[in-house]
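Undergrad: Got a sequence here, can you build the structure:
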Amino acid sequence: MLKFYYNHRSPMARRVWRTLLEKEITFEPILMSLDGDQLQPEFVEINPFHHIPVILDDGFRVIESLAIMDYLESKYPTPALLPKESESLAKVRMVQMVATNELLPKMISLIFEEKNSAKFLQAYEHINKVLGFLSESLDNESYYGGEQLTLADIVAGTDLSLLPKLGISFSNYPNLQDWFERLMTRKSWQQTELSVEDFEKFKRVFIKLRQR
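TA: Take a look at the predicted model:
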């Protein structure tokens, strides 16, 4: 059985978790407390970079959330979470990478920086630029694959779900707001969405890990 090493507070892990649930893949969840267990030799042997998520599938190890999601899509192709058409596929990949490279780092800045500081305001401005791009890319579609949920929706939806908890709304982007509410009705989101309390714990753990 596929083994899934995770902590539910990790957005990277929730990306993979939601992919597993959407594809209805049977897996053994292995909860990592991240209080030092990620530094133990038995886990470092699985992932020398000592972070989550990780999967072991019939002994085959995959680290890094995007690589794991691609592996799951390839090995377990039903239901499909990637479109076949070239332009739609390119859109999915762009959204995944923009959420990962442009959105997440700036959200982290909001956690660490004081409000109204230059770095905070710069991060806030950049996040709004990302939201504009994501809104334009979504257009009037239900998902980034049209009527089809995709890996882009899972990645961007998981990352964007942190913004309301940081006091940032999607009110200026009504199509994103509708899309986000649509995601939140899905069973995979309802099973895995982070509570405000858990988000506060995530921030404390994240800050602690950053200080090491």
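Undergrad: Please make it C-alpha for all contacts and neighbour counts, starting now.
TA: Noted.
Undergrad: my guess is Gln177 contacts Leu163, does it?
TA: No: the pair Gln177 / Leu163 is not scored as a contact, 11.8 Å apart, by Cα atoms under 8 Å.
Undergrad: How far does the helix or strand harbouring Val62 sit from its chain's centre?
TA: According to DSSP states H and E, Val62 maps onto strand 60-63. In terms of Cα atoms, centre = their mean, to the nearest Å, the centre of strand 60-63 is found 18 Å from the chain centre.
Undergrad: list the buried ones in that strand?
TA: By neighbour count on 16 or more other Cα atoms under 10 Å, the buried set for strand 60-63 is 62-63.
Undergrad: Walk me through the domains of this structure.
TA: Per the TED database, the domain ranges recorded for the chain read 2-75, 86-192.
Undergrad: of those domains, which approaches Asp198 most closely?
TA: Among the domains of the chain, domain 2-75 comes nearest to Asp198, with 6.6 Å by Cα to Cα.
Undergrad: gap between the two ends of that closest one?
TA: Start and end residues of domain 2-75 are separated by 12 Å (Cα to Cα, to the nearest Å).
Undergrad: That one: how far from the chain's middle?
TA: Distance of domain 2-75 from its chain centroid, counting by Cα atoms, centre = their mean, is 13 Å.
Undergrad: what's the average pLDDT for that domain?
TA: Domain 2-75 carries an average pLDDT of 96.
Undergrad: Would you map the helices across the chain?
TA: Using DSSP state H, the helices found in the chain span residues 11-22, 41-46, 65-75, 86-98, 104-112, 118-138, 151-160, 174-184, 187-192, 196-210.
Undergrad: Compare the ones you listed and give me the one nearest Asp58.
TA: Between Asp58 and those, the shortest gap by Cα to Cα is with helix 65-75, which sits at 12.0 Å.
Undergrad: now the closest one against helix 86-98, angle please.
TA: If you take axes from the mean of the first three to the mean of the last three Cα atoms, to 10 degrees, helix 65-75 sits at 150 degrees to helix 86-98.
Undergrad: Check which helices and strands helix 65-75 sits against.
TA: Secondary-structure packing of helix 65-75 (3 or more Cα pairs under 8 Å, 6 or more residues apart in numbering; DSSP states H and E): helix 11-22, strand 54-57.
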